[in-house]
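K.L.:
Need the 3D shape of this:
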Amino acid sequence: MVTTRKSSLAGIKAAVKEQQAVTEETKAPAPKETTETARVYERKLDPQGRAQATGKRKNAVARVWIKPGNGKIIVNSKDVAVYFARPVLQMVVNQPFMVTAREGQFDVVCLVTGGGLSGQAGAVKHGISKALVNFEPDLRAVLKTAKFLTRDSRVVERKKYGRVKARRRFQFSKR
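P.N.:
Got it, this is the predicted structure:
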């Protein structure tokens, strides 16, 4: 097939115009219409006026209820000072109130199962943080920056066969 010079130039001109149209589109993109809005969190209370949440840490699970009060914390029908005797664990439980400047404003009732005392204290802290957000959604930003709303996913590594523990090997015997 023989092409004339005129037809080949027309094809080139069309390609150049197409290229210019593509570069104009990439230089000045059309403004996007954003239909997304910031998520609005609303207050979630039960009929008794309490906010409920579940906190988890290691193998411990804590069901937490908070309501306005004078700062009394009950864990498994015991006072927090009796159940978590170590001051460090009491500090962990009270951290969400300290960060949000709400010490002594809420009564807390917790039911905790599983794990040890450290994991249970972490679960109660996680539950209190989530319950505070359910009670006062404005506190979400403060608690999120303090990383109290994310569940700490670290758990004990499982034991493997041929090993004493997860990674510890049996003692080597040369003879």
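K.L.:
measure the residue positioned nearest the centre of the chain to residue 44 for me?
P.N.:
In the chain, the centroid-proximal residue (CA atoms, centre = their mean) is residue 150; its distance is 2.5 Å. Distance, residue 150 to residue 44, by CB to CB, to the nearest Å: 19 Å. All C-beta atoms are positioned from the backbone trio N, CA, C, and that covers glycine.
K.L.:
show me the contacts for the residue nearest to the centre of the chain.
P.N.:
Under the criterion of CB atoms under 8 Å, 6 or more residues apart in numbering, residue 150 has no neighbours.
K.L.:
again, 10 Å this time
P.N.:
Neighbouring residues of residue 150 by CB atoms under 10 Å, 6 or more residues apart in numbering: 126, 129, 143-144.
K.L.:
low-scoring stretches of the protein, by residue?
P.N.:
Low-confidence segments of the chain, defined by pLDDT under 70: 1-11, 15-16, 19, 22-36.
K.L.:
circling back: am I right that the residue nearest to the centre of the chain is in a strand?
P.N.:
No - read with DSSP: H, G, I helix; E, B strand; the rest coil, residue 150 is coil and lies in no strand.
K.L.:
Now it. Its backbone dihedrals?
P.N.:
Residue 150 has phi and psi values of phi -90, psi 140 when expressed as degrees, to the nearest 10.
K.L.:
Residue 113 versus the closest residue to residue 83 other than its chain neighbours, what's the distance?
P.N.:
Excluding the flanking residues, the one nearest residue 83 by CB to CB, 6 or more residues apart in numbering is residue 75, at 4.2 Å. Going from residue 75 to residue 113 by CB to CB gives 11 Å.
K.L.:
of the two, who's got more company?
P.N.:
For residue 75 and residue 113, the more surrounded residue by other CB atoms under 10 Å is residue 75, and the numbers stand at 22 against 12.
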